[in-house]
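In: Predicted structure and sequence below. I'll ask about it afterward.
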Amino acid sequence: MNPSRPGLGSDLLATLLVAAFSMAVAVGYARVFSGWPFVADMAVIVVAGHGVGLLLRRLQLTAWLAVPATALTLAWAVLAVYFPDTFSWGLPTSETWTILGDQLALVREEFRTAVAPVEYAGGWDVLTAIGLAMAVLLADVFAFRADARAETLVPGGVLFVFVGALGDERLRVATAVVVVGVGAITTATLRGYHAEAGRDRSATWRRSPTAIAFGVIVALVAGFVGPRLPGADAAPLYETSGGGGGVTEVLSPLVDIRSRLTNRTTTELYRVRADAESYWRSSALPAFDGTTWGLPERELQPVDGPLTAPVDSLVENRQRITIGALGGTLVPAAPDPFEASGRDDLRFVAETSTLVTIDGSLQTGDTIEIVSAAPVLSNAQLADATSAAPPDPIHLSLPDDLPDVVRETTLEVTAGTTGTFEAAIALQTWFRDEFEYSLEVQPGHDNSAIENFLEERVGYCEQFAGTYAAMLRTVGIPTRVAVGFTKGVPLGDGEYSVLGRNAHAWPEVWFDDIGWLKFEPTPGRGDASAESYTGLPPQQDTSARAEDIEAATGEAPSPSLPTDPFDRSPELNLPDFEGIPSAESPAPTPEPSTDDGASSLWLVVIGLLGAALVAPNAVRLVRRRRRTRSVEAQLADAWHRATSAVAAVGVPLRPSDTPSEVAARTARLFPLVTRPMTSLANAVTEATYRAEGSAGFDRVGAYGASTVGDCRNWAKQIDRAASESLDWPSRVRRQFTEWR
């Protein structure tokens, strides 16, 4: 019998502990389900995965066969648990896969609006089983095929954290204590399991009481200390539950804007044919709490006639909006709309001049007719205009903890100006002259972000608009932040194709007896409808190519206009007005969102994390298990592994060193590995200098071991000792940089 192979008792104990950790992770699902019916199903998955893994190890099946076999077993177990009636002769059928696809599609639709706890059914049950099956497979591979210890806990730990982020407060501390405690016991057991393999096979059993005591102590400490740490009861840094918003809740379109900036999608959101080009405003955000610009709760008015009465000084701009991939409930329009038709469920928010739909999202092919009116103003009129009577005090509201530097900078920039208009122009000019537009900056528009933006003087549209508006409020000028789109791609004959990358944010300033006027502090941007008073020509980002426009719209841009006038700004996560109560009717029940962006994002993140965690050990496993390599190559790999390990702990190496010199220096500086390093160095020296080279090194002796096998084991011992002597940052860095 091969002495390096663990005994059945040790193997069984280690497997039971890894399975116990997987089950502890599964218990964490209690935070997303209201009851406990999931426990039995999760137990089947855990037993199937780890049980088959143990069986195949005892049969000495290679990893190339064992890992796929375990994966197939887990897949079969998931399908058998949830769709047994669709099986034929014990195997899934086409009906099985159809039902599976339908249920996962349902979960994808509900993911963004669902709030824990959810019912353990309707696809949520299958999704949880799939997640656990992946964690079980990876844990078994890490523990018993890649000789891992604490790394074994990573897949389950990632799943536990993900579930905790989505779940409610039910058993928050209890489930964490169980996972931490069982994880500590499992790690200690695996350490003894791998250290004693091939030696004293009863050592793992003898260490069990110590490991259990250690795990219990760790769990009790975590359960007592964790909830008492500063900030333990604080609100989450990022709310993951119920992203779709409640009945009267409206989320700012600028929330998480940064994550969309870099996408710069060329997807056509809608087309607009208009009398004149303009920024197309989706909504205006007057509420600023120091963290976000958002919308207050307001009633919706029906659109059954003119929205506002146009006056003589206004010029009409008629638009026909044809919806493409826009979705959502906000209808973009040139400021300020006063007539609209095309859908029976159109409503209007007077305070922000916002058009919304209340019976569902905009659909591809929807056509909406809008008439907007913009004032015709001279600089003289604006110079005399005041801003003393905003429509609501909210337009002057600022958080108490706004940094003093914001007001100080505003007073400095606007010094010598008289009136609102001069101050607005002075601040606009200062931003455009002194600041740089860039996406390569940290996100945000809260207090600290504003302070940093003013210091660094580089940012993107959200920061320009939000900071400009906040600064003018500090000197008593009413402002708000508008979100929408720049004009888009000109197609000729007054038609524009508005793409995802045309999304934009800009500030608006209140003038008594005139209304809200847009200004543009973001460098490289300018709206034609505001040129008469801002002095800025129409501008958009022109970095895209003509073929990008044609690919996005299916049409070449108008040759008489710039061929690629794209804006770099974000595809905004615009607020959802579904369910805001109108003055005439009760709020309709919001339909489930069909936006699967959140679930897709999480799946991508989990996939990338899994790949990143598995890749190093997988590559190492493949390289070390290849049987067709020459003895010389195996010796070289063993020596490289050993020398890399001792170098990581500070043993200096030189290219001119002989193996004996490396061993001697290692003995002085890292004596813990003196014996294996000396033995390995002697073997490498012998294979290098003796006449017959490494001949006979692969011959198995009376005790079932060969010289080259011993060299691999010595290198493994050296590598493990070095890794365990490193601090955690160094160990993690080495895990992902040394792949041999």
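Out: Looks like it arrived, so ask away. Source: prediction; values computed, not measured.
In: Give me the distance between the two termini of stretch 468-488.
Out: 24 Å (Cα to Cα, to the nearest Å).
In: Which residue ranges of the stretch 301-450 of the chain form helices?
Out: 379-384, 404-413, 419-434, 447-456 (DSSP state H, counting those that start in this stretch).
In: how far does stretch 463-470 sit from the chain's center?
Out: 26 Å (Cα atoms, centre = their mean, to the nearest Å).
In: neighbouring contacts of that stretch?
Out: 254, 288, 293, 398, 402, 406, 427-428, 431, 435, 437, 441, 444-445, 449-450, 453-454, 459, 479-482, 505-508, 519, 521-522 (Cβ atoms under 8 Å, 6 or more residues apart in numbering). In short, each C-beta sits where N, CA and C put it, glycine included.
In: and with 6 Å instead?
Out: Stretch 463-470 is contacted by residues 293, 431, 445, 450, 453, 479, 481, 505-507, 521-522 when judged by Cβ atoms under 6 Å, 6 or more residues apart in numbering.
In: Might you specify the subset of these located within strands?
Out: Among the contacts of stretch 463-470, DSSP state E puts 293, 479, 481, 505-507 in strands.
In: Dump the contacts of stretch 463-470 to JSON lines, plus pLDDT.
Out: What follows is those, written out as JSON lines (pLDDT from 0 to 100):
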{"residue": "293", "pLDDT": "79"}
{"residue": "431", "pLDDT": "92"}
{"residue": "445", "pLDDT": "44"}
{"residue": "450", "pLDDT": "77"}
{"residue": "453", "pLDDT": "79"}
{"residue": "479", "pLDDT": "93"}
{"residue": "481", "pLDDT": "89"}
{"residue": "505", "pLDDT": "87"}
{"residue": "506", "pLDDT": "90"}
{"residue": "507", "pLDDT": "92"}
{"residue": "521", "pLDDT": "91"}
{"residue": "522", "pLDDT": "89"}
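In: so, if you compare those, which one comes nearest to residue 491?
Out: Distance to residue 491, by Cβ to Cβ, is smallest for residue 506 among these, at 23.5 Å.
In: quick revisit: so which of the helices of the stretch 301-450 of the chain is the most surrounded?
Out: Among these, ranked by average contacts under mean count of other Cβ atoms under 10 Å, first place goes to helix 419-434 (a mean of 19).
In: Taking the contacts of stretch 463-470, please make a PyMOL selection of just the buried ones.
Out: The following PyMOL line selects those of these that are buried, judged by 16 or more other Cβ atoms under 10 Å:
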select buried, resi 293+431+445+450+453+479+481+505+506+507+521+522
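In: Make a markdown table from the contacts of stretch 463-470 and add distance to residue 630 to it.
Out: Formatted as a markdown table, these follow (distance: Cβ to Cβ, whole Å):
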| residue | distance to residue 630 |
| --- | --- |
| 293 | 66 |
| 431 | 67 |
| 445 | 62 |
| 450 | 64 |
| 453 | 61 |
| 479 | 74 |
| 481 | 68 |
| 505 | 63 |
| 506 | 68 |
| 507 | 70 |
| 521 | 68 |
| 522 | 63 |
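In: shaky segments in the stretch 601-740 of the chain?
Out: 601-629, 702-704, 734-740 (pLDDT under 70).
In: and if you look at the stretch 451-600 of the chain?
Out: In the stretch 451-600 of the chain, residues with pLDDT under 70: 540-600.
In: Tell me where it has strands.
Out: Using DSSP state E, counting those that start in this stretch, the strands of the stretch 451-600 of the chain run over 458-459, 479-485, 489-492, 495-499, 503-511, 515-518.
In: Kindly report the same for the stretch 301-450 of the chain.
Out: Using DSSP E, counting those that start in this stretch, strands in the stretch 301-450 of the chain cover 301-302, 314-323, 330-331, 337-341, 346-349, 354-357, 367-375, 436-437.
In: Can you redo those strands as TSV, where the extra columns are mean pLDDT and distance to residue 715?
Out: Listed next are those as TSV, based on pLDDT from 0 to 100; distance: least, Cβ to Cβ, whole Å:
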stretch	mean pLDDT	distance to residue 715
strand 301-302	74	76
strand 314-323	88	64
strand 330-331	88	62
strand 337-341	86	73
strand 346-349	84	70
strand 354-357	86	67
strand 367-375	87	70
strand 436-437	81	53
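In: now residue 510: how far from residue 278?
Out: To residue 278, residue 510 is 19 Å away according to Cβ to Cβ, to the nearest Å.
In: cool, and residue 498?
Out: Residue 498 is 11 Å from residue 278, by Cβ to Cβ.
In: and the helices of the stretch 301-450 of the chain as a markdown table, adding distance to residue 300?
Out: Listed next are the helices of the stretch 301-450 of the chain as a markdown table, based on distance: least, Cβ to Cβ, whole Å:
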| stretch | distance to residue 300 |
| --- | --- |
| helix 379-384 | 32 |
| helix 404-413 | 34 |
| helix 419-434 | 30 |
| helix 447-456 | 32 |
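In: For residue 70, find the nearest of the ones you listed.
Out: helix 447-456 (47.7 Å).
In: Could you tell me the angle between that closest one and helix 404-413?
Out: 40 degrees (axes from the mean of the first three to the mean of the last three Cα atoms, to 10 degrees).
In: Return the list of helices and strands in contact with helix 447-456.
Out: helix 461-474 (3 or more Cβ pairs under 6 Å, 6 or more residues apart in numbering; DSSP states H and E).
In: what angle separates the helix it packs on from helix 447-456?
Out: Going by the same axes, to 10 degrees, helix 461-474 makes 100 degrees with helix 447-456.
In: Helix 461-474 to strand 479-485, inter-axis angle?
Out: 160 degrees.
In: Sketch out the low-pLDDT regions of the stretch 201-350 of the chain for me.
Out: 201-266, 291, 304-313.
In: Quick one: residues contacting residue 324.
Out: 268-270, 364.
In: The same query, at a cut-off of 7 Å, please.
Out: By Cβ atoms under 7 Å, 6 or more residues apart in numbering, the contact list for residue 324 reads 268-271, 364.
In: and these as CSV, adding distance to residue 493, secondary structure and neighbour count?
Out: Below are these laid out as CSV (distance: Cβ to Cβ, whole Å; DSSP: H, G, I helix; E, B strand; the rest coil; neighbours: other Cβ atoms under 10 Å):
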residue, distance to residue 493, secondary structure, neighbour count
268, 17, strand, 22
269, 20, strand, 24
270, 17, strand, 25
271, 12, strand, 20
364, 22, coil, 11
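In: Residue 662 versus the nearest residue to residue 480 once chain neighbours are set aside, what's the distance?
Out: Computed as Cβ to Cβ, 6 or more residues apart in numbering, the closest residue to residue 480 that is not its neighbour in sequence is residue 286, at 4.3 Å. Using Cβ to Cβ, residue 286 is found at 70 Å from residue 662.
In: Looking only at neighbour counts, state which of those two leads.
Out: When neighbours are counted by other Cβ atoms under 10 Å, residue 286 and residue 662 differ, and residue 286 comes out ahead with 27 against 24.
In: Give me the domain ranges for the protein.
Out: Here the domain parsing of the chain from automatic domain parsing is 8-238+597-620, 258-375+385-553, 626-735.
In: Once you drop chain neighbours, what's closest to residue 333?
Out: residue 370 (4.7 Å).
In: Is the one you found bridged to anything, and to what?
Out: residue 319, residue 340 (DSSP bridges).
In: Can you report how many residues neighbour it?
Out: 26.
In: from what I can see it touches residue 319, true?
Out: Yes: Residue 370 lies in contact with residue 319 (Cβ atoms under 7 Å); the separation is 4.6 Å.
In: shared neighbours of these two, anything?
Out: residue 333.
In: ok now do the residue nearest to residue 333, which residues does it touch?
Out: 319, 321, 333, 337, 339-340.
In: repeat that for 10 Å
Out: Listed by Cβ atoms under 10 Å, 6 or more residues apart in numbering, the contact set of residue 370 reads 272, 274, 280, 303, 307, 317-321, 331-334, 337-342, 346, 355.
In: Distance of it relative to residue 334?
Out: Counting by Cβ to Cβ - residue 370 and residue 334 are separated by 8 Å.
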